[in-house]
Structure formats: C-alpha cells, structure tokens
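Asks: the following block contains a protein sequence and its predicted model.
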Amino acid sequence: MKTEQEILAATAAYVEVLLSGEGSGHDWWHIYRVWNNAKMIAAQEQVNLYIVELAALLHDIGDHKFHNGDETVGPRMARDWLLKCNVGVEETAHVCSIIGELSFKGAGTSSEMKSPEGRVVQDADRLDAIGAIGIARAFAYGGHKGRELHNPSIKPVLHNSFGQYKSSTAPTLNHFYEKLLLLKGRMHTETARKLAEERHRYMEGFLKQFYAEWEGKI
C-alpha cells in the first residue's frame, strides 16, 4: 500500500506528463502553481491537506472547455486515477466532488463549494486566473480559441447560467469583466483575499494602459 506522499508524488508525475506543453494556459505549470497556492492557503485553514493536494493536482485533467462542455470528464478521469492508486472511496468521492464544483459558472451564478477543502482549492485556482499570470493565461486561451483581443462593438455579458458562460465566444478583453475582475470579491479565505488585492490592482492598471494604447493616447 502506497503512503499518501507516494500517491501525491505519483499523481504529480501523472499530471505533469498529461499536461506538459499544453498551450492554452491550462498546462502543468498552471497545476503546479495552483498546487503551491493551495498548500500555502491550507496552512492557515483547518482542512485535510491530503484532499486539498489531490484536488489541486487533478482539478484540470479533464477541463470541460476541452471536452465540448462536458463537466463529467474531469471527475471521471480523477476517479479512475485515484482508484488505480487505491485511494479510499470516501477520499476519492471528496476529491471528485471538489473537481466537479470548482469551475466559475458565470457572473450571475453561484459556484459554492461544499467543503473547506474545496474552498481552499477554488481560491488557489482563482488566484492563478488573476494578476500578471491571469492576464497572460487569458490571452493564451483566447489565442488558442481564435478569439479577438478586443472588439468595442461587443459588450461584456454577465451570464446568468453556466450554459451561457460556456458557450461565449466573446473577445478576450470581455473576459476581464465577465470573470477576472469579479474574482477578488469571491475568495473564501483571508489568505486568498489578501493576495487577490494586489493581483486585482495589477489587472486594473493593465486595462487602463490597454485602453490608452488602443485609443492612441500614449
């Protein structure tokens, strides 16, 4: 029987092979950063660190964005891996539940997490969606999907359902208003809220610069 640390090491190696070289901003290094964020946040919370680490490592192995919007792929892939590693039934169910609940579902919808472990992982993932890295990832994903950088005639939409949010093909800049600028106010933990403040300010500065350059003012 493998120890928890052996299972975590095997999981990290599995995910690294699976996602290395991915070009949309959902690669191994995204996982690595979220994993580190999650451990840092968890150190200040009363949570099961093993569950937090497994969920952070596996949270994007079957992202719905790359499987025609199918939200069941990620939890199913995670379950298959965890069962292969002989992780307990309850632990597997907990990790898969976190993965299934994690995604942002639109400005007008709720993305509540059922457990403190889930809240830690969601905060860790959301931190990687904002700030300098969040900006880089947004445009990497937009380019991957063939989206415009910005189109002033296409206004942001505060989606009222996950279906609307998933089907959006709007320019990348709209994503700041439809998701990224909202995340600071949707963090669960005090640690994440503090880190989000600086990252949020950086995005605001980026947008100010972007519009000034777009209009030829600087």
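Replies: Perfect, thanks for sending it. Numbering: from 1, shown residues only.
Asks: from the chain's centre, how far out does the least confident helix or strand in the chain by mean pLDDT sit?
Replies: Within the chain, no helix or strand scores below helix 162-167, which has a mean of 75 by mean pLDDT, DSSP states H and E. Remark: helix 162-167 is offset 16 Å from the chain centroid, using Cα atoms, centre = their mean, to the nearest Å.
Asks: list the buried residues of the longest helix anywhere in the chain.
Replies: Secondary structure of the chain read by DSSP state H shows that its longest helix is helix 190-214. Neighbour-count burial for helix 190-214 flags 191-192, 195-196, 199-200, 202-203, 207 (criterion: 16 or more other Cβ atoms under 10 Å). For the C-beta atoms, the positions are set from N, CA and C on the backbone; glycine is no exception.
Asks: now swap in stretch 38-51 and tell me
Replies: 38, 41-42, 45, 47-51.
Asks: ok so, going back, ok now the helix or strand that the least confident helix or strand of the chain is followed by, how far from the chain's centre?
Replies: Toward the C-terminal end, the helix or strand that comes next after helix 162-167 (DSSP states H and E) is helix 172-178. Averaging C-alpha positions (Cα atoms, centre = their mean) puts helix 172-178 15 Å from its chain's average.
Asks: helix 172-178 packs against which elements?
Replies: helix 131-144, helix 190-214 (3 or more Cβ pairs under 8 Å, 6 or more residues apart in numbering; DSSP states H and E).
Asks: mind doing that once more with 7 Å?
Replies: When contacts are defined as 3 or more Cβ pairs under 7 Å, 6 or more residues apart in numbering; DSSP states H and E, helix 172-178 sits against helix 131-144.
Asks: okay, the angle between the helix it packs on and helix 190-214?
Replies: Orientation check (axes from the mean of the first three to the mean of the last three Cα atoms, to 10 degrees): helix 131-144 against helix 190-214 gives 60 degrees.
Asks: where do the helices sit along this protein?
Replies: So, for the chain - with DSSP H - the helices run 4-19, 28-42, 49-58, 73-84, 89-101, 116-127, 131-144, 162-167, 172-178, 190-214.
Asks: if we can go back for a sec, okay, the buried residues of stretch 38-51 in CSV with distance to Ile154 and pLDDT next?
Replies: Shown next, in CSV, are the buried residues of stretch 38-51 (distance: Cβ to Cβ, whole Å; pLDDT from 0 to 100):
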residue, distance to Ile154, pLDDT
Ala38, 35, 98
Ile41, 35, 98
Ala42, 39, 98
Glu45, 40, 97
Val47, 41, 98
Asn48, 44, 98
Leu49, 43, 98
Tyr50, 44, 98
Ile51, 41, 98
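Asks: closest one of these to Tyr14?
Replies: Tyr50 (16.3 Å; Cβ to Cβ).
Asks: residue contacts, the closest one?
Replies: Residues in contact with Tyr50 (Cβ atoms under 7 Å, 6 or more residues apart in numbering) are Glu4.
Asks: any idea how far it lies from Lys39?
Replies: 11 Å (Cβ to Cβ, to the nearest Å).
Asks: go ahead and confirm Arg33 touches Leu127.
Replies: No - with contacts counted by Cβ atoms under 7 Å, Arg33 stays clear of Leu127, the gap being 8.3 Å.
Asks: could you find the closest non-adjacent residue to the residue nearest the centre of the chain?
Replies: Closest to where the C-alpha atoms of the chain average out (Cα atoms, centre = their mean) is Asp125, at 3.9 Å. Leaving out its chain neighbours, the residue that sits closest to Asp125 by Cβ to Cβ, 6 or more residues apart in numbering is Val34, at 5.1 Å.
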